[in-house]
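Chemist: Dropping the sequence and predicted coords here.
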Amino acid sequence: MRFSELAGYLDRLEATRSRNELVRILSEVYRACSVDEIEPITYLIQGRLAPFFEPVEIGLGERLLISAIATAYNTPKEDVTKLYRQTGDLGLTALGLGPKTRPSTPTVVEVHRRLWEIAGKSGEGSLKAKLDLFAALLGELDAASAKHLIRITLGKMRLGIGDPTVLDALSFAKQGDRSLRPILEGAYNRSSDLGLIARTLWARGVEGMDAIRVTVGKPLRSQLAERLPNPEAVIKKLGLVGIQPKYDGFRVQIHKDADEVSIFSRNLETMTSMFPELVAATNSIAVKSVILDGEAIAYNPESEEYVPFQETTARRRKEGIDEFATRVPLRAFVFDVMFRDGADLTPLPYEQRFAIVDELVKGSDTLQAAPLTKTDSVEVLTRELLDNISRGLEGVVAKRLDSPYQAGARNFNWVKLKRNTSGELTDTIDVVLIGYYGGKGKRAEFGAGALLAGVYDSDKDEFVTISKLGTGLSDEGWRELHKQVNRLEVSEKPARVNSLLVPDVWLRPEVVVEVLADEITPSPRHTAGKVGDQPGFALRFPRIVSFRSADKEPEDATTVREIREMFQQQHQRPTLPG
Ligand code: AMP
């Protein structure tokens with residue numbers, strides 16, 4: 001496939017407002033792919049060269065791209081800059097300046113290879129080398145292709161193609177319907193690598209999915225926890241459980257392969273350089289290879305306090321990683337192990353996996369096994385919950401001792417119980433910002449504005465509205481937010497957003513915000529959980545608690561399914577004091 005042909009598909013993907021259309025066009029792209037093409041194309045359509053967890057950066061910012069466009073089109077830099085100011089989009093700038101056609105244009109595989117080559121240049125003189133290579137590539141492409149090449153390079157593809165969209169499109173391309181989705185999703189949960197899945201599916205068919213195993217260096221999708229309203233409900237549903245403190249830290253998946261350690265966040269981003277102390281501690285574990293799951297949290301030894309997530313990330317950014325590491329050391333409370341010395345441990349019952357964790361981290365100060373209390377007693381569970389809350393922790397997680405590690409699943413193998421004040425919801429909700437009210441441009445400070453927030457409908461792979469948000473942020477917070485969402489503004493409703501309300505400005509659904517609300521109420525205005533004429537769900541008195549984009553993807557937001565469960569649970573009165 002020529003890159004120009006892919007560019008044509010990308011234009012169509014960009015133009016559609018419907019999620020079904022996205023899947024349909026994307027499956028058309030896939031049907032036109034050979035085995036060698038499908039992997040690079042899978043990364044490119046998401047504006048990447050490699051899977052999300054591989055930190056490959058092309059390393060050309062706007063300034064350099066302006067130079068590259070000027071060189072490639074033999075146009076003065078000032079003219080490029082001028083058009084850029086008018087369009088506000090370097091992709092459109094290239095589209096405006098480049099030639100409509102070229103006699104022969106490179107293939108997708110070739111373009112991907114050359115972008116890799118550019119990404120690989122580092123060290124002295126590398127900027128010039130990157131620039132020259134990029135300008136040469138641009139010089140071979142027609143204007144429509146250049147538009148997309150530039151957006152890929154800037155990481156600004158605006159197609160809104162989420163990972164589930166890709167899985168559906170692959171299933172449609174191969175089978176004509178959605179039926180392969182569960183098998184593909186299984187492979188995806190084990191490897192988090194869509195390109196690998198696409199290539200394997202094309203090369204070896206559905207049978208090939210079994211060969212995609214848990215591998216050191218490729219993060220598994222994190223196992224997630226369900227909610228229940230109180231200790232009685234937990235014991236009734238699960239019986240004998242293992243209880244652990246719930247730390248409000250940063251989820252870390254730690255991989256060790258010989259002496260190479262990588263650390264992935266909950267949304268599978270590589271965070272290795274953020275956690276030098278965890279890398280050092282993991283290196284001293286006596287195993288060849290291992291994958292651990294845990295929660296990193298800063299601990300202040302003087303005040304004996306755990307520092308909450310929000311502060312940990314903010315301070316690290318401000319103070320510098322090394323200084324912060326010395327002053328407030330970080331610990332990882334390890335609660336699971338998924339792989340050890342070549343063996344996939346995910347099928348083992350939790351009790352056995354935890355025993356292995358215990359044995360592995362013995363003697364380390366930085367890596368500690370999250371303490372586990374086994375019980376089938378409501379009293380013991382209640383006591384543990386209150387005890388952990390009084391120590392400044394969020395609550396507890398109760399785990400089924402006989403459960404396997406189910407990558408990517410949110411089910412009753414793990415149940416979280418948090419503090420609850422009577423009458424209030426027992427938990428916060430993670431919403432995605434999908435628009436705002438308050439006038440475009442003029443009211444740059446957002447002053448009296450409001451945000452339109454949604455949750456994720458995982459069955460339909462859509463973002464549906466649940467609330468407007470107005471309170472909970474300081475002036476500084478609003479300014480910060482404005483900076484964050486500015487770049488996400490789009491002129492029309494994104495394809496995967498389903499909303500009856502029309503905000504003044506639509507946003508690409510990317511920013512995840514944690515909110516606390518008094519109650520979930522039925523509402524005809526919102527699309528969350530809305531079926532036919534029945535009302536959807538809304539949040540009563542929502543307030544913003546924190547920003548979670550550092551560790552959550554939009555698809556990690558609270559799901560409609562969870563909202564429905566929370567709605568059903570909220571009138572079962574908690575038996576705990578607030
Ligand atoms: P939530 O983000 O509220 O859905 O809660 C689930 C999160 O709690 C997990 O993703 C972990 O980051 C965190 N967590 C803290 N302590 C534990 C624990 N002992 N076991 C499992 N998850 C934990």
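Modeler: Right, received. Where do you want to start?
Chemist: tell me which helix or strand of the protein sits lowest on mean pLDDT?
Modeler: Counting by mean pLDDT, DSSP states H and E, the weakest-scoring helix or strand in the chain turns out to be helix 309-319, with a mean of 68.
Chemist: same for the strand or helix carrying Arg85, what does it pack against?
Modeler: If you go by DSSP states H and E, Arg85 is part of helix 77-87. Under the contact definition 3 or more C-beta pairs under 8 Å, 6 or more residues apart in numbering; DSSP states H and E, helix 77-87 sits against helix 62-73, helix 90-97. C-betas here are computed from N, CA, C, even on glycine.
Chemist: packing partners for the longest one?
Modeler: Of the remaining helices and strands, those touching helix 62-73 by 3+ C-beta pairs under 8 Å, 6+ apart are helix 77-87, helix 90-97, helix 126-138, helix 143-154.
Chemist: What confidence value was assigned to Phe446?
Modeler: Phe446 is assigned a predicted lDDT (pLDDT) of 51.
Chemist: winner for burial among the helices and strands packed on helix 77-87?
Modeler: helix 90-97 (a mean of 22; mean count of other C-beta atoms under 10 Å).
Chemist: and the stretch 101-250 of the chain, which residues reach the ligand?
Modeler: Ser222, Leu224, Ala225, Gln244, Lys246, Tyr247 (C-beta under 6 Å from any ligand atom).
Chemist: Please repeat the previous calculation with a cut-off of 8 Å.
Modeler: Within reach of the ligand by C-beta under 8 Å from any ligand atom, the stretch 101-250 of the chain has these residues: Ser222, Gln223, Leu224, Ala225, Gln244, Pro245, Lys246, Tyr247, Asp248, Gly249, Phe250.
Chemist: same check, this time on the chain
Modeler: 222-225, 244-251, 266, 293-295, 333, 335-336, 370, 394, 396-397, 399, 410, 414, 416, 418, 427-428, 430.
Chemist: Residue of the stretch 401-550 of the chain nearest the ligand, please.
Modeler: Distance from the ligand to each residue of the stretch 401-550 of the chain (C-beta to the nearest ligand atom) is smallest for Lys416, at 5.1 Å.
Chemist: correction: the stretch 51-200 of the chain
Modeler: Per C-beta to the nearest ligand atom, Asn189 is where the stretch 51-200 of the chain lies closest to the ligand, at 14.9 Å.
Chemist: That residue reaches Tyr405, doesn't it?
Modeler: No: counting by C-beta atoms under 8 Å, Asn189 stays clear of Tyr405, with 10.2 Å between them.
Chemist: Comparing these two, which shows the higher neighbour count?
Modeler: Tyr405 (25 against 19; other C-beta atoms under 10 Å).
Chemist: In three-state terms, label the more buried one for me.
Modeler: Counting by DSSP: H, G, I helix; E, B strand; the rest coil, the backbone at Tyr405 sits in coil.
Chemist: Next one: it relative to Asp336, how far apart?
Modeler: To Asp336, Tyr405 is 6 Å away according to C-beta to C-beta, to the nearest Å.
Chemist: just to revisit the earlier point, list the residues that contact the closest residue to the residue of the stretch 401-550 of the chain closest to the ligand other than its chain neighbours.
Modeler: The shortest distance from Lys416 to any non-neighbouring residue, by C-beta to C-beta, 6 or more residues apart in numbering, is to Ala225 (4.3 Å). Taking C-beta atoms under 8 Å, 6 or more residues apart in numbering, we find Ala225 in contact with Val397, Arg410, Trp414, Val415, Lys416.
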